[in-house]
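In: predicted structure and sequence below. I'll ask about it afterward.
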Amino acid sequence: MESQPKIMIPDKKYPRVRFAPSPTGYLHVGGARTALFNWLFARHTGGTLILRIEDTDFERSSAEMVTGILEGMRWLGMDWDEGPFYQSQRLELYRATANKLLASGHAYYCFCTKEELEQRRSAAAATSQTPRYDGRCRKLTPADAARRKATGEAAALRFAVPLTGVTRFDDAVFGTLEFANEELEDFVLLRSDGIPTYHLSVVADDLDMGMTHIIRGADHISNTPKQVLQYQALGAPLPIFAHVPLILGSDKSRLSKRHGATSVMAYQEMGIVPEAFRNFLGLLGWSPGAAGKTADGKDRELFASEDLIQLFSLEGISHSNAVFDNDKLAWFNTEYIRAYPAERLLPLVAQEWKRAGYTPSRSTEENLLAIDLVKQRARNLKDFSTAFLAYFGDEFAFDPAAVAKFLGDAAVRGLLAEMAERYAALEVFDEATTEQALRAFAEEKGVKAGALINGSRVALTGQAVAPSLFAVMVCLGQERVAQRLRAAVTIA
RNA sequence: GGCGCUAUCGUCUAGGGGUUAGGACGUGAGAUUCUCAAUCUUAAAACACGGGUUCGAUUCCCGUUAGCGCUACCA
């Protein structure tokens, strides 16, 4: 990791928020939503978004995961103003902060070993006592502790939580939250190897980086009093906390691998359009309230990025957890695919083709026309590399079910081949003339036009599902149509 | 177990002391078409339970239940 970017001088007139993922996994759905809310808030208020990588757990963190997280943010169209900062490169700050806390008597050295602590914890659990650090090293005199530390004895630094009283803070979504200090244990600030824990580094950084709002997952609510205590010990003003409810799987348990994809990038691979995903995520745990009504009083669902930015507010964040609904995501996806102009859809489709190892054989012009023709029927980007292949080149598969349903009759196949010559001879090849030709041919042969239409559709596209047949013909072009109809005899 | 948070259709949610409790996804039915999707119409579907407060509670308060979170020298 190269040199660290500079932190700008905090200008408290505008909010400063951060997204602070831990690179122990890819960007997951919950993290992406937290990032989105921070980004939306920053953009709405004209504030600053800082990206901070919380990699103080060296064993579980990796550079690869950082890359993945940045990739996920970019895919969703989120940018950041400062960073990424790496906590692993800011260790001095944490030590300095720890020293301040030690000097002011808010922290003390603890010489208990990990094994001892574990033993006491399990002993407490066995007698159904609340397992909590008993504060025995707190009784050591500072001089004693300093001497032992000087001899090289391993020691962690713990925060001395007040024995009585309550710690209170205002949360922008949950209101005033209050915790009894006696419920809090003397948590570790610095591990015995000198590496800070999350509790210390998060406060030191949020302070140093001038954060005004802390927007993060509700799983941090219980950690917050520990952080508030540090702000107070340091004589620093509190930022505004805003805890965002969690995202749950379909069984209402916390979203995890067994619910399907948790990595944001997996949704790209599944053919989801980034804006659809962002729209969906933005509405999970947040709603614009009355501002999101349409003229006829219905709730709006479709919000472009700019709309989300304009409407976003902390007040709209809901208090309860939300279940991730794949069906609704799929619906957003089709809405966006259909609404995109072909020019905008093409790059996404091209990416999908690349991933599928497909190269279209027609021109960009023709591809754009084809995209416009078929996008109404797309549910997913994947459709463009599977069912829609016949529109972009001559290599495509025939759906066996479609063949069986509409081309099972050899007589029909023969008629199509015969009809191919009519099409080859057509002087004007547009929707009107192609339809005319087919209906005339059907009448002449004494068969239903529908049978020829359906058969042609399969012969031309390989699918039973397609746009209007004559539009398909025009899209494919005269030569191709004649060719594929001639080949009909060989299909079944 | 302790502490904390939460509770409106299956799901996302709006609303709020007096409403036919609204919308969206999904689901059912019908219409339409050249297949399918779309579209249109339409149907079913919710204030977790029990006590208060109040003329009146889904809304405010308390309790119960349930779900989730935290309970590490992880973040």
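Out: Nice, I can see it.

In: thought residue A:310 was touching residue A:40, still the case?
Out: No - at 9.6 Å, residue A:40 and residue A:310 do not qualify as touching, with contact defined as Cβ atoms under 8 Å. Quick note: C-beta positions are derived from backbone N, CA and C, even for glycine.

In: residue A:454 and residue A:466: what is the separation?
Out: Using Cβ to Cβ, to the nearest Å, one gets 10 Å for the distance from residue A:454 to residue A:466.

In: now do residue A:49
Out: Note on residue A:49: its distance to residue A:466, by Cβ to Cβ, is 45 Å.

In: in terms of neighbours, single out the busier of residue A:454 and residue A:466.
Out: For the pair residue A:454 and residue A:466, the greater number of neighbours falls to residue A:466 (22 against 18), based on other Cβ atoms under 10 Å.

In: can you classify the closest residue to the more buried one other than its chain neighbours by secondary structure?
Out: Spatially, and ignoring its direct neighbours in sequence, residue A:466 is nearest to residue A:457 (5.2 Å; Cβ to Cβ, 6 or more residues apart in numbering). The three-state label given to residue A:457 by DSSP: H, G, I helix; E, B strand; the rest coil is helix.

In: picking that back up, of residue A:40 and residue A:310, who's got more company?
Out: Neighbours were counted for residue A:40 and for residue A:310 using other Cβ under 10 Å; residue A:40 has more, 24 against 14.

In: return the distance of the more buried one relative to residue A:216.
Out: 14 Å.

In: what of residue A:305?
Out: Per Cβ to Cβ, residue A:305 is found 22 Å from residue A:216.

In: re earlier: for the residue nearest to residue A:466, report the pLDDT, please.
Out: pLDDT for residue A:457: 94.

In: got it, and the one 4 residues further on?
Out: For residue A:461, the model assigns a pLDDT of 95.

In: phi, psi of the residue lying closest to it once chain neighbours are set aside?
Out: Ranked by Cβ to Cβ, 6+ apart and with sequence neighbours excluded, the top spatial neighbour of residue A:461 is residue A:390, at 4.4 Å. For residue A:390, the backbone dihedrals (degrees, to the nearest 10) come out as phi -60, psi -20.

In: please apply the same query to the one 10 residues further on.
Out: Residue A:400 adopts backbone torsions of phi -60, psi -40, taken as degrees, to the nearest 10.

In: tell me the pLDDT at it?
Out: pLDDT for residue A:400: 89.

In: next: residue A:4.
Out: 51.

In: swap in residue A:412?
Out: Residue A:412 is given a pLDDT of 89.

In: which residues does it contact?
Out: Contacts for residue A:412 (Cβ atoms under 8 Å, 6 or more residues apart in numbering) come out as A:406, A:447, A:451, A:452, A:455.

In: quick one: the strands in chain A?
Out: A:16-19, A:48-53, A:82-86, A:107-110, A:156-159, A:166-171, A:175-180, A:188-190, A:213-217, A:240-244, A:247-248, A:322-323 (DSSP state E).

In: got those as CSV, with mean pLDDT and distance to residue A:290 columns?
Out: Formatted as CSV, the strands of chain A follow (pLDDT from 0 to 100; distance: least, Cβ to Cβ, whole Å):
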stretch, mean pLDDT, distance to residue A:290
strand A:16-19, 98, 25
strand A:48-53, 97, 27
strand A:82-86, 94, 34
strand A:107-110, 96, 48
strand A:156-159, 96, 44
strand A:166-171, 95, 23
strand A:175-180, 94, 21
strand A:188-190, 97, 45
strand A:213-217, 98, 23
strand A:240-244, 97, 21
strand A:247-248, 95, 25
strand A:322-323, 96, 20
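
In: can you tell me which of those is most buried?
Out: Neighbour counts (mean count of other Cβ atoms under 10 Å) averaged over each of the strands of chain A peak at strand A:16-19, with a mean of 26.

In: and that strand, C-alpha only, in CSV?
Out: Written as CSV, here are the backbone C-alpha positions of strand A:16-19 (Å, rounded to 0.1, in the frame of the first residue of the first chain):
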residue,chain,number,x,y,z
ARG,A,16,-18.2,14.6,7.1
VAL,A,17,-19.1,10.9,7.0
ARG,A,18,-17.3,7.8,6.4
PHE,A,19,-17.7,4.2,5.2
